[in-house]
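**Q** using only what follows, build the 3D model:
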Amino acid sequence: MPRRNRPEGTRAPNGASSIYLGNDGYWHGRVTVGVKDNGRPDRRHVQAKTEAEVTKKVRQLERARDAGSLEKAGPDWTVERWLLHWFETIALPSVRYKTQTYYRTAISKYLIPGIGAHKLKRLESEHIEKLYARLRKEGAKSATLQQVHITLRAALNEADRRDRLGKNPISAVRSPKIDETEIDPLTVADAKAIFASTRTLRNGARWAVALALGLRQGEALGLKWTDLQVEWHHGCPEPGCGARTAQDCPSAHVTGLLVVRRALQRQTWQHGCGERPCGRKRGADCPQRHSGGLVVVEPKSRAGRRVVSVPPPLVLALLAHREQQEAERRIAADLWHDGQWVFAQPTGKPTDPRADYGEWKAVLKAAGVREARLHDARHTAATFLLVLGIGERAVMDVMGWSKITMAQRYQHVPDEVRRGIATQLGGLLWQAPGDDDGEPPAAALVPA
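**A** I've put the predicted structure just below:
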């Protein structure tokens, strides 16, 4: 309040706004809006030629302070500076390795070159939308746009929580849509062709696990024999065949469970030379490198730790695969590394994801199946569950999803389902009364 309106002998309480006429002939206002990083009061200054003008400015500052929309004190942040600060000090310690790589690529390759020079508090929705439009024009896929959007949204939401923004510009920007044509699951015929061509192939059961169970690559490569539980059952009628064990029964059948406990990842080596750089460009070449190579990690989410029921033919394939691996163990002798990996190298060491991906490409070519990503096998398994009419809750359990909304991304309506729907509609709308052969007469093809 203006000093002249306060009774003589009294003073404004600590933190109260003040308005006064300065020796320079201007009216000045000071408003306490919070506390600076050093613990001192953050007291903002405004000035104007008239008392009415400065009073208006003081009231605006007070309203912004009370609404919590006032920017914090300190030097202006650029988008680049904030993105690097957010990634290195906020996101990096709290997210998984693959998410770190996901964020790092979006920041260094797209966001900093695209909008990094903007002042953070002056970044507008239109700047972001123009970046997306430019990336589309340059041929970026929809998945790349999603990656950029998700990263920027996480960074700006954190800036908003810390009052670094007046208004969050990402809130008005629509998320880029995923182009469904980029995801094309394999068909049942494709899966059968792959099974046929890999039946005698080393580690051939690996691809049955991918297509039938939908395990992520890291989850499949992280399987150990202790994760497989097999149970044999008598198949003979009562009183029984007299076999000592169920496995010896002539009509025995088998069931199995796989427990998904871990995942195997290849991570980039990091420099360990600290304050005395070794001069090598790559972390892999640093004499004190760390945190790289094949690393065992937790599944992607809590829902990723799951128990999956294995189809009997796949159980038998895994048992045959174990016998082949035992033969390899005898050949390797002292060179064998006993890690209990289900899908291992000929020496028992775990399989590198890069080599695994190369084998997938070779399998597709040998089976005469079109080109597909390895992750498309997971989409394929989820789509097979849709074809079978499996309930949503069971699908979540099999696929290791924490949200059923994931089904919208992974389950695709194949031609077999579309043809089945068309046949059922034909029978419902055009089948003549009393006609049970499933083929509507020609006269009934046009509704009355």
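
**Q** so who does the residue positioned nearest the centre of the chain touch?
**A** What sits nearest the mean C-alpha location of the chain, by Cα atoms, centre = their mean, is T99, with 7.2 Å. Under the criterion of Cβ atoms under 8 Å, 6 or more residues apart in numbering, the contact list for T99 reads A91. From N, CA and C alone the C-beta is placed, and that goes for glycine too.

**Q** i'd like the first residue to be 12 from this point on
**A** All right, first residue 12 from here; so that's T110.

**Q** how about A151, secondary structure?
**A** Classification of A151 by DSSP: H, G, I helix; E, B strand; the rest coil places it in coil.

**Q** how about it, what does it touch?
**A** Y121.

**Q** how does it look with 10 Å?
**A** 121, 143, 145, 158-159, 187 (Cβ atoms under 10 Å, 6 or more residues apart in numbering).

**Q** quick one on the thing from earlier: in what helix or strand does the residue nearest to the centre of the chain lie?
**A** helix 108-116 (DSSP states H and E).

**Q** what's the distance between Q157 and R389?
**A** 17 Å (Cβ to Cβ, to the nearest Å).

**Q** which of the two has more neighbours?
**A** Set Q157 next to R389 and count neighbours by other Cβ atoms under 10 Å: R389 wins out with 23 against 16.

**Q** for the more buried one, list the residues it contacts.
**A** Contacts of R389 by Cβ under 10 Å, 6+ apart are 196, 221-222, 224-228, 230-231, 410-411, 421.

**Q** and those, which two are the farthest apart?
**A** P196 and E230 (18.3 Å; Cβ to Cβ).

**Q** more neighbours, the two?
**A** More neighbours surround E230 than the other of P196 and E230, with 26 against 22 (other Cβ under 10 Å).

**Q** give the contact list for the more buried one.
**A** By Cβ under 10 Å, 6+ apart, E230 lies in contact with 220-221, 224, 269, 271-275, 310-311, 315-317, 319, 389, 411.

**Q** and it, that one's in a helix?
**A** Yes - checked against three-state DSSP, E230 lies within a helix.

**Q** let me know the closest of the contacts of R389 to A338.
**A** A231 (21.8 Å).

**Q** can you give me the neighbour number for W441?
**A** 16.

**Q** can you tell me the SS state at R277?
**A** R277 ends up strand, using three-state DSSP.

**Q** wait, it sits on S302?
**A** No - R277 is not in contact with S302 according to Cβ atoms under 10 Å; the separation is 11.7 Å.

**Q** just the buried subset of the contacts of A151, written out for ChimeraX, thanks.
**A** To isolate the buried ones among the contacts of A151 in ChimeraX, judged by 16 or more other Cβ atoms under 10 Å, type:
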select :121,143,158,159,187
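
**Q** report the lowest-confidence entry in the contacts of A151.
**A** Ranked by pLDDT, the contacts of A151 bottom out at P187 (89).

**Q** give the contact list for that residue.
**A** 143, 146-147, 151-161.

**Q** which of the helices or strands spans it?
**A** Short version, using DSSP H and E: P187 is in no helix or strand.

**Q** ok, A216 to P324 distance?
**A** With Cβ to Cβ as the criterion, A216 and P324 are 10 Å apart.

**Q** what helix or strand is H39 located in?
**A** Per DSSP H and E: strand 38-46 holds H39.

**Q** now the helix or strand just after that strand: mean pLDDT?
**A** Counting by DSSP H and E, the next helix or strand C-terminal to strand 38-46 is strand 52-59. Mean pLDDT, strand 52-59: 89.

**Q** can you give me the buried ones in strand 52-59?
**A** Taking 16+ other Cβ under 10 Å as the criterion, strand 52-59 shows 53, 55, 57, 59 as buried.

**Q** ok, stretch 367-380 next?
**A** For stretch 367-380, by 16+ other Cβ under 10 Å, it's 367, 370-371, 374-375, 378, 380.

**Q** more neighbours: R277 and S302, which one.
**A** For the pair R277 and S302, the greater number of neighbours falls to R277 (16 against 13), based on other Cβ under 10 Å.

**Q** so what's T256 up against?
**A** 243, 245, 263.

**Q** which ones are touching the second one?
**A** When contacts are counted by Cβ under 10 Å, 6+ apart, H245 is found next to 251-252, 254, 256-264.

**Q** residues in contact with T358?
**A** By Cβ under 10 Å, 6+ apart, the neighbours of T358 are 339-340, 342-343, 346-348.

**Q** narrow those residues to those in strands?
**A** Secondary structure from DSSP state E places none of the contacts of T358 in strands.

**Q** closest to A117 among these?
**A** Distance to A117 across these (Cβ to Cβ) is lowest for H348, with 37.2 Å.

**Q** list residues touching both of R277 and S302?
**A** Joint contacts of R277 and S302 (Cβ under 10 Å, 6+ apart) are Y108.

**Q** find the nearest non-adjacent residue to R210, please.
**A** Closest residue in space to R210, ignoring its immediate chain neighbours: A328 at 7.9 Å, by Cβ to Cβ, 6 or more residues apart in numbering.

**Q** wait, a helix at that neighbour?
**A** Yes - A328: assigned to a helix according to three-state DSSP.

**Q** L222 is in contact with that one, correct?
**A** No - with contact defined as Cβ under 10 Å, A328 does not reach L222; the gap is 11.9 Å.

**Q** which one of these two has more residues nearby?
**A** Using other Cβ under 10 Å, the more surrounded residue of A328 and L222 is L222, with 24 against 21.

**Q** I'd like the distance between the more buried one and F354.
**A** Distance from L222 to F354, by Cβ to Cβ: 14 Å.

**Q** what are the ranges of the helices in the stretch 212-361 of the chain?
**A** 216-224, 228-232, 323-343 (DSSP state H, counting those that start in this stretch).

**Q** buried set for the helix holding T110?
**A** 110-111, 114-115.

**Q** what does stretch 219-235 give?
**A** For stretch 219-235, a neighbour-count test (16+ other Cβ under 10 Å) marks 219-234 as buried.

**Q** chain center to it: distance?
**A** Distance of stretch 219-235 from its chain centroid, counting by Cα atoms, centre = their mean, to the nearest Å, is 17 Å.

**Q** ends of it, what's the gap?
**A** Criterion Cα to Cα, to the nearest Å; first-to-last residue distance in stretch 219-235 is 16 Å.

**Q** repeat that for stretch 145-164.
**A** First-to-last residue span, stretch 145-164, Cα to Cα: 18 Å.

**Q** how about stretch 402-417?
**A** 14 Å.

**Q** what about that stretch, average pLDDT?
**A** 86.

**Q** next one: it to chain centre, how far?
**A** 15 Å.

**Q** give me the buried positions along it.
**A** Result for stretch 402-417 [16+ other Cβ under 10 Å]: buried residues 406-412, 417.

**Q** tell me which of these fall in strands.
**A** Among these, no member lies in strands (by DSSP E).

**Q** quick one: which helix or strand includes the closest residue to G40 other than its chain neighbours?
**A** Among residues not flanking G40 along the chain, V69 sits closest, at 4.0 Å (Cβ to Cβ, 6+ apart). V69 is part of helix 62-78 when elements are defined by DSSP H and E.
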